[in-house]
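Here's my sequence, what's the structure:
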Amino acid sequence: MTGNNGFRPSKHCLQACLSFVLASTLAFTLQIYFFSPISPDPLHLPHVSAALNLPTSNKLQEVAKIGEGLLDKPEDVCFDGEGILYTATRDGWIKRLHRNGSWEDWRLIGGDTLLGVTTTRTGGIIVCDTQKGLLKVGEDGVSLLTSHVNGSEIRFADDVIEASDGSLYFSVASSKFGLHDWYLDVLEAKPHGQLLKYDPLLNETSILLDNLAFANGVALSEDEDFLVVCETWKFRCLKYWLKGERKGRTEVFVDNLPGGPDNINLAPDGSFWIALLELSQEGMGFVHTSKASKHLVATFPKLLGLVQGMQKKAMVVKVGADGKMMKRFNDPNGSVMSFVTNALEFEEHLYLGSLNTNFIGKLPLRTA
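Numbers count the residues shown, from 1 in each chain. Got it, this is the predicted structure:
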């Protein structure tokens, strides 16, 4: 005791408190490391990009909002030969926009796992379902094309394109994590992605490339002599040769992009439009370089919102067939569009899909 002025804790009390703090800290640390769903490697985000030398344009703030209120996070867009627009939404619908401006709830597949779509030369569209695999959707219904490769289930079909011979090239974003946990693949920073080919004549699926860094958008070149596949958390796109002396070889098409590339589409002039994601909020890049921080965020999913930056802005770039950046369009604060996942040029307009809107953006390119 210290008299009437106060109470001095006993030595045993201090030891007990210290033991409690140490035990709590140890338990918290063990929970983070032993219950973390990831086994991460450090990821260093790019600092400088050639795109920063392009003129700044906030053109994405000038988009017209088509289908506003009718579409639930339309991730991808495609057009058929008659000019009908197709998109897959989070409520499980394939919806289409007719030339007369009317929307149709065309086919209900169900679930919230529909991503990339592409039209086919024989009619109908191909849809990537991250749970089921590759689907064909037509006037006569829905059929499953492929769900396995080399005996393993295709877990995360992401984007698809059809070649002139009917072959389908598509990406698997991650063979470890699913759609709703996709950011864990970014945090882990270990390559689980694939580029696959489906042969409709043989009804066979094969692996063209493995160990990709979140394989995302897929596009064919104008002459179909090579494929481009996006690696989101490596901020680059790869070129995979389909013809010529370099057939079967892979090289970097464009790297050091100012965002993680999502979907990619061939433009009428032979260049490519790429939608870019802001993978990390400003000031939060340190999380990706620290294994401890990654474990912490992965263990407590509510922290993901503090790290992710997709909802804060939007960006698309146009890249030439030689891999050189030509144009850049932004919405720097996400006031109109954010989390843009797709940019497709059709009849002198750019159509923009997003996982954070209830509309598809439409931007005239003559004035852009």
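
Ranking helices and strands of this structure by mean pLDDT, which lands last?
helix 11-35 (a mean of 51; mean pLDDT, DSSP states H and E).

Looking at this structure, which strand is longest?
Longest strand in the chain by number of residues (criterion: DSSP state E): strand 204-212.

In it, which residues are buried?
Neighbour-count burial for strand 204-212 flags Thr205, Leu209, Leu212 (criterion: 16 or more other CB atoms under 10 Å). Glycine gets a C-beta too; all of them are placed from N, C-alpha and C.

Direction included, what does the helix or strand that it is followed by pair up with?
Scanning forward in sequence from strand 204-212 by DSSP states H and E, the next helix or strand is strand 215-220. Paired with strand 215-220 in the same sheet, following DSSP bridges, are strand 226-231 (antiparallel).

contact partners of the strand it pairs with?
Here strand 226-231 makes contact (CB atoms under 8 Å, 6 or more residues apart in numbering) with 161, 169, 171, 193, 195, 208-209, 212-221, 236-243, 253, 261-264, 272, 274.

where along this protein do the helices fall?
Using DSSP state H, the helices of the chain run over residues 11-35, 182-188, 291-299, 304-307.

Nearest the geometric middle of this structure, what residue?
The chain has Asp262 as the residue nearest its centroid, 4.3 Å off, counting by CA atoms, centre = their mean.

Check that one and give its pLDDT.
pLDDT, the model's per-residue confidence, is 98 for Asp262.

close enough to count as contact, it and Leu277?
Yes - with contacts counted by CB atoms under 8 Å, Asp262 reaches Leu277, the gap being 5.5 Å.

and for those two, which residues touch both?
Common neighbours of Asp262 and Leu277 (CB under 8 Å, 6+ apart) are Thr232, Thr341.

Give me the number of neighbouring residues for Gln131.
16 (other CB atoms under 10 Å).

list the contacts for it?
Residues in contact with Gln131 (CB under 8 Å, 6+ apart) are Gly111, Thr113, Arg155, Gly178, Leu179.

again, but for Lys318
With contacts defined as CB under 8 Å, 6+ apart, the neighbours of Lys318 are Ala267, Ser271, Phe272, Trp273, Ile274, Met325, Met326, Lys327, Arg328.

Below-threshold pLDDT in the chain: ranges please.
For the chain, residues meeting the criterion pLDDT under 70 lie at 1-34, 47-52, 368.

returning to that earlier point: so how do I select the buried members of the contacts of Lys318 in PyMOL?
Here is the PyMOL command that selects only those of those that count as buried (16+ other CB under 10 Å):
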select buried, resi 267+271+272+273+274+325+327+328
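
okay, the contacts of Lys318 in a markdown table with distance to Trp103 next?
Output for the contacts of Lys318, formatted as a markdown table (distance: CB to CB, whole Å):
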| residue | distance to Trp103 |
| --- | --- |
| Ala267 | 26 |
| Ser271 | 30 |
| Phe272 | 28 |
| Trp273 | 24 |
| Ile274 | 27 |
| Met325 | 34 |
| Met326 | 33 |
| Lys327 | 30 |
| Arg328 | 31 |
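
Burial check on the residue lying closest to Arg99 once chain neighbours are set aside, number of neighbours?
Counting by CB to CB, 6 or more residues apart in numbering, Gly83 is the residue found nearest to Arg99 once chain neighbours are left out, at 5.5 Å. The number of residues packed near Gly83 is 11, by other CB under 10 Å.
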